[in-house]
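1. What shape does this take:
(2 chains)
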Protein chains: 2
Amino acid sequence: MNKVFVIGSGAKHLEEEISKNAKILKTEIKKFPDGEKYVRILEHGEEVIVVQSTYRPQDEHLIETIIIGDALKEAGFEKLKLVVPYLAYSRQDRVTKEGEPISVRAIMKMLGLYYDELYVFDIHNPKTLDFFPGKAVNIYPAKVIAEYFRDKLENGLVLAPDRGALERAKEVANILGLEYSHFEKERISPTEVKMTPVDVNVKGRNVLIVDDIISTGGTMIRAAEILKDLGAEKVFVVATHGVFAEGAIERVSKAVDELAVTNTIPTKVSKISIVPEIMRSILEVKS
Amino acid sequence: MNKVFVIGSGAKHLEEEISKNAKILKTEIKKFPDGEKYVRILEHGEEVIVVQSTYRPQDEHLIETIIIGDALKEAGFEKLKLVVPYLAYSRQDRVTKEGEPISVRAIMKMLGLYYDELYVFDIHNPKTLDFFPGKAVNIYPAKVIAEYFRDKLENGLVLAPDRGALERAKEVANILGLEYSHFEKERISPTEVKMTPVDVNVKGRNVLIVDDIISTGGTMIRAAEILKDLGAEKVFVVATHGVFAEGAIERVSKAVDELAVTNTIPTKVSKISIVPEIMRSILEVKS
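-> Numbers count the residues shown, from 1 in each chain, chains lettered A, B, ... in the order given. This is a model prediction of the structure:
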């Protein structure tokens, strides 16, 4: 395991754990008084894995990422891999109104100027990986999510909030040997949507609802209420990315028995670390 | 003159004046609650000139610029020209310590993903334009600077703060038919540098000091003091880009008879508009 990592400003919270399993390259990253980022690479090498999560301030993290890339190339590194736990702009993935950009395409092209391989976590639309010019991999951290909830879910089940998210529920459930299903949404009035768990009996059982992103948390709160009404015992909510709107952590926490997200974005409920998944996927080291 | 402009968030202060001479394309540019920029182009066309100045928050302005580019290409525009009055990272133009990037190269490559032509104002190092893959033009707004000071400089002279900045002083002086020169810097102790205007008599005359960027303003204040000691009548200071550090506008203003910068960056002393220079250079329209 002679791989080395560079940690960007958006991945500082992962640095200590990564350093237990791999070498971290010495760097200097700071901001000038006028707001410009300054980067310096203090060691040499040939191949490097840059870890940079691009949550808010997302544009600063993105620009820093290509500046790190430029410094590494200038310093003689030949192969640059990039791990982006949370990729900004990944929800701007299609033109829904005429005149809109596909913003994630611009970001993918920009990262492709310097990086040979891209590893992202649970991207909103995996098809957008095609915009990256090199090899691009989507990682769903099913294992760390499943293990975190294993002891809390005996005889429980895993639910996706809609059919589109079913694959995540399936992956987590399969690791735990549990049943899985999804909610069906039915519009019953112009303002009201009825959500029903499909083909499963939740009465007296613990349920884990699995999604990719929580922002306002509205869907999760509604789903939890319905499960409680149907007699579910405990309701747990997990998402890969905690892009929480103001007050959302508190609102969701109040409505469920436990809320947890992974640490692709650092928040106070980022209880599940993706570092083992980074190691598995990029270094192919068992952990 | 059938050219159309798109105005980025960093060029809002130029919009009204540009609209007097050209058509401005309707756009929607806003920020989502999570901090991501949203762009929408509301009209059609083939060729467009995007104006975007990339002062602080520079990284937001830069990312917005490529997202605008993506929206324009998606909307079918074929030729995209980009005017960047102030280009962020332009002073990070060389490796001074091993391990540093050439940050302006990363920015130039990024802008080159979408734009065919780049027009910048008074870039710190014109050689860095070679990093842009398409046609790249540096504009020194000598004419608008000269005209602003014409009436204040009768029988005056124009000085550059060092030999490297002499070309700017020459251009401004030539338009006004005035003498020009520069300061010579001599280190007289480890902490002290002596500045002397070379081969000119400043006694009783009005002097304009011309530079590219003012940040702390230290050099300009020192130069003004020396000129006053040598008997200069009035001392005016002008720069293209007012990247002022905290309190610098006040400190420089107190030390000189007048401080003015162009509006590549909007500040309270951005008294000289570059819009006529944009029109001349890009539209080749006399103004």
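2. Close to chain B: what parts of the stretch 151-287 of chain A are there?
-> Residues of the stretch 151-287 of chain A lying close to chain B (C-beta under 8 Å from any C-beta of the partner chain) are A:215, A:243, A:245. The way it works is simple: take the backbone N, C-alpha and C, and place the C-beta from them, glycine included.
3. quick one: the residue of chain A most remote from its centre and chain B, what's the gap?
-> Here chain A reaches farthest from its C-alpha mean at A:Ser189, the gap being 33.6 Å by C-alpha atoms, centre = their mean. Relative to chain B, A:Ser189 is positioned 27 Å away (C-beta to the nearest C-beta, to the nearest Å).
4. ditto for A:Arg150
-> Using C-beta to the nearest C-beta, A:Arg150 is found at 31 Å from chain B.
5. doesn't that residue fall inside a helix?
-> Yes: A:Arg150 forms part of a helix when assessed by DSSP: H, G, I helix; E, B strand; the rest coil.
6. so where's chain A uncertain?
-> Low-confidence segments of chain A (pLDDT under 70): A:1-2, A:283-287.
7. how's it carved up into domains?
-> Chain A breaks down by the TED database into domains covering A:4-139, A:142-272.
8. which one of those domains lies closest to B:Gly35?
-> Closest of the domains of chain A to B:Gly35 is domain A:4-139, at 4.3 Å (criterion: C-beta to C-beta).
9. Next, the distance between the ends of that closest one.
-> End-to-end distance of domain A:4-139 (C-alpha to C-alpha, to the nearest Å): 20 Å.
10. what distance separates that domain from the centre of its chain?
-> 14 Å (C-alpha atoms, centre = their mean, to the nearest Å).
11. ok, now how distant is whichever residue of the stretch 101-250 of chain A sits closest to chain B from A:Asp212?
-> Of all residues in the stretch 101-250 of chain A, the one sitting closest to chain B is A:Pro101 (3.6 Å; C-beta to the nearest C-beta). Distance from A:Pro101 to A:Asp212, counting by C-beta to C-beta, to the nearest Å: 22 Å.
12. Compare the two and say which is more crowded by neighbours.
-> A direct count of neighbours by other C-beta atoms under 10 Å in any protein chain shown for A:Pro101 and A:Asp212 places A:Pro101 higher, at 26 against 20.
13. which stretches of the stretch 51-200 of chain A form strands?
-> Assigned by DSSP state E, counting those that start in this stretch, the stretch 51-200 of chain A shows strands spanning A:79-84, A:117-121, A:135-139, A:157-160, A:179-189, A:192-197.
14. Is there any residue in the second one that contacts chain B?
-> Looking back up the chat, that one is strand A:117-121. No: Strand A:117-121 does not reach chain B (C-beta under 8 Å from any C-beta); its nearest approach is 15.9 Å.
15. Grab the CA positions of that strand and hand them over as CSV.
-> C-alpha atoms of strand A:117-121 as CSV (Å, rounded to 0.1, in the frame of the first residue of the first chain):
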residue,chain,number,x,y,z
GLU,A,117,-10.0,9.1,-12.4
LEU,A,118,-13.0,10.3,-10.4
TYR,A,119,-14.7,8.5,-7.5
VAL,A,120,-17.9,10.0,-6.2
PHE,A,121,-20.3,8.8,-3.6
